[in-house]
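Engineer: Predicted coordinates and the sequence they were generated for:
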Amino acid sequence: MNLKNPTVKIIKPQEPNRFTKRIGSTTFTVNVYFNPNAKETAQDKIMRLIRNDTSLAKVANL
C-alpha cells in the first residue's frame, strides 16, 4: 500500500430506472437496480423465482 499517493476510486451512484404505476387512487413509484457484479442475470433470477413459486404451489395443493 502506497501511503504517500493513495489510490482513491470514486464511484458515482447509478441513477435507478424508475417507473410509476397507478392502482386506484394510489400511485406506486418503483426503482429498479441491477448489480453489475451479480452472479446471475435478471432473466436467471426471474426464472428461479418462478420455479420456486410453482414448486411451492404444488406442495400447497397436496
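Structural biologist: Good, I have the coordinates.

Engineer: Next, count neighbours for the closest residue to Asn17 other than its chain neighbours.
Structural biologist: Spatial nearest neighbour of Asn17, excluding adjacent residues (CB to CB, 6 or more residues apart in numbering): Val32 at 4.3 Å. (Glycine included, C-beta is placed from N, CA and C.) Using other CB atoms under 10 Å, Val32 has 9 neighbouring residues.

Engineer: now the helices for the protein?
Structural biologist: Per DSSP state H, the chain carries helices over the ranges 42-60.

Engineer: mind showing which ranges of it have poor pLDDT?
Structural biologist: The chain contains residues with pLDDT under 70 at 1-16, 58-62.

Engineer: what about 80?
Structural biologist: 1-16, 33-36, 56-62 (pLDDT under 80).

Engineer: that older thread, so the residue nearest to Asn17 makes contact with Arg18?
Structural biologist: Yes. Counting by CB atoms under 8 Å, Val32 touches Arg18, with 7.2 Å between them.

Engineer: how far away is the residue nearest to Asn17 from Lys39?
Structural biologist: Between Val32 and Lys39 the distance, using CB to CB, to the nearest Å, works out to 18 Å.

Engineer: Give me the spatial nearest neighbour of Lys45, chain neighbours excluded.
Structural biologist: In this structure, Lys45 finds its nearest non-sequential neighbour in Ala38, 7.9 Å apart by CB to CB, 6+ apart.

Engineer: now Glu40
Structural biologist: Per CB to CB, 6+ apart, closest to Glu40 is Arg48, 7.4 Å.

Engineer: What degree of burial does the one you found show, as a neighbour count?
Structural biologist: Neighbour number of Arg48 under other CB under 10 Å is 11.

Engineer: show me the residues around the residue nearest to Phe28 when sequence neighbours are not counted that make contact.
Structural biologist: Leaving aside its chain neighbours, Phe28 sits nearest to Lys21 (4.8 Å; criterion: CB to CB, 6+ apart). Taking CB atoms under 8 Å, 6 or more residues apart in numbering, we find Lys21 in contact with Thr27, Phe28, Val30.
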